[in-house]
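Asks: Here's my sequence, what's the structure:
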Amino acid sequence: MKYLELHLQYKEESISGRYITLEYIEPLILKQQAEIIGQSVLGKPIYKLQFGTGKIRILMWSQMHGNESTTTKALFDFINFLNSNTKESSVILDHFTFCMLPMLNPDGAKLYTRENANGIDLNRDAQNLSQPESKVLRKTFETFQPNYCYNLHDQRTIYGAGESGNTATVSFLAPAFNENRDINDVRIKAMNVIVAMNKALQQFIPNQVGRFDDSFNLNCVGDTFQYLNVPTILFEAGHFANDYEREITRKYIFIALISGIRFLNENDIVLNEIDIYLKIPQNKVVFYDFVYKNVKINYDGNEKIINFAAQFKEVLNNKKVFFEAEIAQIDNLENYFGHLEIDAKGETYNDGEINYPILDKKANFYLGEIEIVNGALLK
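Replies: Below you'll find the model as predicted:
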């Protein structure tokens, strides 16, 4: 299957960037046979979309965390594919039934926050079910009775696929179902799908697929659903070089969705690919957005050479997300990488106020004659 051509053909052009709210996707939702299945804390509708008539039932939900929108975009690209009336889409719709909650946390999406309007992380509310959004998801799970669950998220730019210096553009996890992180038939089913998706993605982003940490927490939705004997797959949309709007990563989530579904359709899940799954490098916190090396500073009358790093802070302003670089780490950068690395070659740090970097200060400064604005070289 020509995945890149498919995405180019079915990409939903009306939504882009990081700030995706119900306002933007509601027109797309209402083009489908949509059902309102509940309300958020602030009374916003939570929609359910359903496609297909097949016996394999897959529950998908996105933007459980309001500021994690990449998978929402990819989900609508996938919906366009399902609606394409092609041979490929018809086969999938005949074999699968998809239940999708494209935006579980519309209040958090509006505020561009991880939490809902009550300040609760819905992915830590699987046991208490204290929030209306959590109750909607659990009721949908119990009513739909899925054979598989797809838990769709974004992850920060700090993650690498292992410690090799490759960014984790996409990461997956077959969550644990108990404290021992045992592997049973349910987890194996999830692992097998992940192996298939990873195989497809390696054609396009070699060595940039990670495996998320499987520490057990029954308060997390994925761990709970796995505990309830439904194979559950966590998707984490991460960073691709210079893709802070996550438009390239969106394409790879689309490829993962289609390749995983194709695997489920074409294979009798009796495989046991635990070893292959475990060879996917585990996510490691090894990246900053910017790393500056061999920088000269004058501190207390002494000259020294240091390395330091800056990280973007995401700020919502007038319905747009801005990336504001701030100093995040000074020295102690062994085994860390920068998405952009600048070698000052001994040039002196100067920001017009003091002669050394300070944590949380905006990353606007000079390295000798080189001007750095918002973390990057001034062009």
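
Asks: How about Ser16, nearest residue that isn't a chain neighbour?
Replies: The shortest distance from Ser16 to any non-neighbouring residue, by CB to CB, 6 or more residues apart in numbering, is to Glu247 (6.2 Å). The way it works is simple: take the backbone N, C-alpha and C, and place the C-beta from them, glycine included.

Asks: ok, the one you found - how many residues close by?
Replies: 15 (other CB atoms under 10 Å).

Asks: Am I right that it is in contact with Arg18?
Replies: No - when contacts are counted by CB atoms under 8 Å, Glu247 is not listed as touching Arg18 (9.7 Å).

Asks: before we move on, the earlier item: spit out the contact partners of the residue nearest to Ser16.
Replies: 16-17, 73 (CB atoms under 8 Å, 6 or more residues apart in numbering).

Asks: Next: Phe81.
Replies: 6, 10, 88-89, 254, 258.

Asks: distance of the residue nearest to Ser16 from Leu367?
Replies: 31 Å (CB to CB, to the nearest Å).

Asks: Lys189 is in what secondary structure piece?
Replies: Per DSSP states H and E: Lys189 is located in helix 185-201.

Asks: how about that helix as PDB, C-alpha atoms only?
Replies: Taking Å, rounded to 0.1, in the frame of the first residue of the first chain, the C-alpha atoms of helix 185-201 are listed here in PDB:
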ATOM      1  CA  ASP A 185      -2.600 -13.200  25.700                       C
ATOM      2  CA  VAL A 186      -4.400  -9.800  25.900                       C
ATOM      3  CA  ARG A 187      -1.100  -7.800  26.000                       C
ATOM      4  CA  ILE A 188       0.400 -10.000  23.200                       C
ATOM      5  CA  LYS A 189      -2.500  -9.100  20.900                       C
ATOM      6  CA  ALA A 190      -1.700  -5.400  21.500                       C
ATOM      7  CA  MET A 191       2.100  -6.000  21.100                       C
ATOM      8  CA  ASN A 192       1.500  -7.800  17.700                       C
ATOM      9  CA  VAL A 193      -0.300  -4.800  16.300                       C
ATOM     10  CA  ILE A 194       2.400  -2.500  17.500                       C
ATOM     11  CA  VAL A 195       5.000  -4.700  15.800                       C
ATOM     12  CA  ALA A 196       3.100  -4.500  12.500                       C
ATOM     13  CA  MET A 197       2.800  -0.700  12.800                       C
ATOM     14  CA  ASN A 198       6.500  -0.300  13.700                       C
ATOM     15  CA  LYS A 199       7.400  -2.400  10.700                       C
ATOM     16  CA  ALA A 200       5.500  -0.100   8.400                       C
ATOM     17  CA  LEU A 201       6.900   3.100  10.000                       C
END
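
Asks: In PyMOL, how would I select the buried members of the contacts of Glu247?
Replies: Only the buried entries of these go into this PyMOL selection, using 16 or more other CB atoms under 10 Å:
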select buried, resi 16+73
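
Asks: Among the contacts of Glu247, which one sits closest to Lys44?
Replies: Lys73 (19.1 Å; CB to CB).

Asks: doesn't Ser14 make contact with the closest one?
Replies: No - Lys73 is beyond contact range of Ser14, at 10.1 Å (criterion: CB under 8 Å).

Asks: So which residues of the stretch 151-300 of the chain form strands?
Replies: 159-161, 170-173, 209-211, 232-237, 283-285, 287-299 (DSSP state E, counting those that start in this stretch).

Asks: The stretch 1-150 of the chain too?
Replies: Using DSSP E, counting those that start in this stretch, strands in the stretch 1-150 of the chain cover 34-39, 45-51, 56-61, 96-101, 148-154.

Asks: Next up, the contacts around Gly17.
Replies: 245, 247, 320-321.

Asks: tell me the two of those that are most distant?
Replies: Glu247 and Lys320 (14.9 Å).

Asks: Could you list everything the residue nearest to Tyr244 when sequence neighbours are not counted pairs with in the sheet?
Replies: In space, and not counting its chain neighbours, Tyr244 is closest to Phe323: 5.8 Å by CB to CB, 6+ apart. Legend: beta-bridge partners of Phe323 under DSSP bridges are Glu314.

Asks: repeat for Asn302
Replies: Residues in beta-bridge contact with Asn302 (DSSP bridges): Tyr299.

Asks: how far does stretch 8-17 stretch from start to finish?
Replies: 16 Å (CA to CA, to the nearest Å).

Asks: buried ones in it?
Replies: Those would be 10-12, 15-16, for stretch 8-17 by 16+ other CB under 10 Å.

Asks: just stretch 321-340 next, same as before
Replies: 321, 323, 325-330, 333, 336-340.

Asks: Might you report the residue contacts of Lys48?
Replies: Per CB under 8 Å, 6+ apart, neighbours of Lys48: 34-37, 99-101, 140.
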